[in-house]
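Asker: 3D model of this:
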Amino acid sequence: MRTESQMPNLWIPGMEPDPAALQRLKDNFPMPAQPMGEAWFMGERRFFTELMTQDSSQWELGLMESALTALASGPGCFGVLKEWTDWLHHLLPRLLGRIEGREWMEVYESLVTAFMARYPDERGEYPYAPFLEDVLKTLGRVPMSASNWKDGRLVARGLISVMEDSALGPFLSCGGTISVALFLHLKYLDEASFPEWLASVLAIDDPVWRFKIVLWISKSKDLLLQPDQQPGVLEFESSFGSGWQGSWCLMGGNPSSEVDPSQVAVPFLSDARRQLFREEIRRHLTCESLDRLDVEIAELERSQVEIYGIREQLEQASLQILQDYQLR
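Answerer: Residues are numbered from 1 along each chain as shown. Below you'll find the model as predicted:
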């Protein structure tokens, strides 16, 4: 059996954020001397003075959502500010112990978005040598935490929603937490580790999980397959697409070229990463595996008759993937 250090980038249900990586992040980023301000400079600017406490359990959910919205939207509009960078680094490891259950989905998605907004170019400079690895082994692992799984299956009220509600009844979606966590690895994981990580994602043997992955591949085709795209091309509405909280804030620069035309946008996914993803999908996803999933989803639909149209969703997604990736 391999040790923790030998499989840092695999996704295994029940695997918690790495304690050593979490501690390094905390040790490197103490509380800033001044409070952070919101991403707004017209009129009186709000400062998040409530964050100036060592006790992160005192931070209310609404406070976290507002602060992270500023950290996610600010860099693209106003450029990199030291106060935002310092507070992002400080909050990142201290929020992870709070993120548990469905009510924290928006916080998790906004926290990842804020990281992406601060570091639009994955080849850029980072605060210390293993910083990026530490982020992936902590922030990137949150969806695998034991609170989100039971006996290898997603739990109903976990961070990754099993089902969503609509006027037509429950349905399965692929946006939100699962999407932003996948894209975090697609963008920042070193390319040498990429094949094994993606293989571990596809090996999780939960029909609902595998359904979500197939749907996500289909719904994310513009970002996964087309050059020079940003997450804004993804449909955010969870019943239709694979966007997440704040995905529209990511525009490839600090500030973005929409704010400063002299800026050149960095593609969200490089050509090399998109090609590597395509190769690995063709290696691991087959017509046979899609057929097996169809049988399992048909059984799920029969056992839970209130679920709306998931068989049709899967059929459409599978046909799209067969065409886009030329599966055999």
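
Asker: ok, residue 107 touching residue 66?
Answerer: No. Using C-beta atoms under 8 Å, residue 107 is not in contact with residue 66, being 10.5 Å away. (Glycine included, C-beta is placed from N, CA and C.)

Asker: Which one's more surrounded, these two?
Answerer: Between residue 107 and residue 66, counted using other C-beta atoms under 10 Å, the more crowded position is residue 107 (20 against 15).

Asker: Ignoring the adjacent residues along the chain, who's closest to that one?
Answerer: residue 64 (5.0 Å; C-beta to C-beta, 6 or more residues apart in numbering).

Asker: Now that neighbour. Its backbone dihedrals?
Answerer: Main-chain torsions, residue 64, degrees, to the nearest 10: phi -60, psi -40.

Asker: Hmm, it is touching residue 95, no?
Answerer: Yes. With contact defined as C-beta under 8 Å, residue 64 counts as touching residue 95 (6.8 Å).

Asker: what secondary structure does the residue most central in space within the chain sit in?
Answerer: In the chain, the C-alpha nearest the mean C-alpha coordinate belongs to residue 180, at 1.8 Å (C-alpha atoms, centre = their mean). Counting by DSSP: H, G, I helix; E, B strand; the rest coil, the backbone at residue 180 sits in helix.

Asker: And residue 140, how close does it get to residue 189?
Answerer: 8 Å (C-beta to C-beta, to the nearest Å).

Asker: what separates the residue of the chain most remote from its centre from residue 95, distance-wise?
Answerer: Largest separation from the mean C-alpha position in the chain: residue 43, at 33.6 Å (C-alpha atoms, centre = their mean). Applying C-beta to C-beta, the value for residue 43 to residue 95 is 29 Å.

Asker: circling back: find residues that contact each of residue 107 and residue 66.
Answerer: With C-beta atoms under 8 Å, 6 or more residues apart in numbering applied, the contact sets of residue 107 and residue 66 do not overlap.

Asker: related to what we said a few turns ago, give the residues shared as contacts by residue 64 and residue 95.
Answerer: Common neighbours of residue 64 and residue 95 (C-beta under 8 Å, 6+ apart) are residue 107.

Asker: Give me the below-cutoff pLDDT ranges for the stretch 151-300 of the chain.
Answerer: Within the stretch 151-300 of the chain, the ranges that satisfy pLDDT under 70 run 238-239.

Asker: those strands in it, which residues are they?
Answerer: 153-154 (DSSP state E, counting those that start in this stretch).

Asker: Let me see the ranges of the strands in the stretch 1-150 of the chain.
Answerer: 149-150.

Asker: all helices for it, in order.
Answerer: Ranges of helices in the stretch 1-150 of the chain, per DSSP state H, counting those that start in this stretch, are 19-28, 61-78, 82-95, 105-118, 131-138.

Asker: before we move on, what about the stretch 151-300 of the chain?
Answerer: Under DSSP H, counting those that start in this stretch, the stretch 151-300 of the chain gives helices at 177-188, 194-203, 207-219, 221-225, 271-284, 287-303.

Asker: in the second one, what's buried?
Answerer: Read it as helix 194-203. 194, 197-198, 200-202 (16 or more other C-beta atoms under 10 Å).

Asker: Now distance to residue 78 too, for those, in JSON lines please.
Answerer: Formatted as JSON lines, the buried residues of helix 194-203 follow (distance: C-beta to C-beta, whole Å):
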{"residue": "194", "distance to residue 78": "33"}
{"residue": "197", "distance to residue 78": "34"}
{"residue": "198", "distance to residue 78": "35"}
{"residue": "200", "distance to residue 78": "38"}
{"residue": "201", "distance to residue 78": "35"}
{"residue": "202", "distance to residue 78": "39"}
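
Asker: Of all pairs in the residues you listed, which one is the farthest apart?
Answerer: 194 and 202 (12.5 Å; C-beta to C-beta).

Asker: what's residue 37 in contact with, if anything?
Answerer: 45-48, 70, 83.

Asker: cutoff 6 Å now
Answerer: Residues near residue 37 by C-beta atoms under 6 Å, 6 or more residues apart in numbering: 45, 47.

Asker: do residue 198 as well
Answerer: residue 280.

Asker: can you rerun that using 8 Å?
Answerer: 277, 280-281, 284.

Asker: Next one: it relative to residue 222, how far apart?
Answerer: Residue 198 is 19 Å from residue 222, by C-beta to C-beta.
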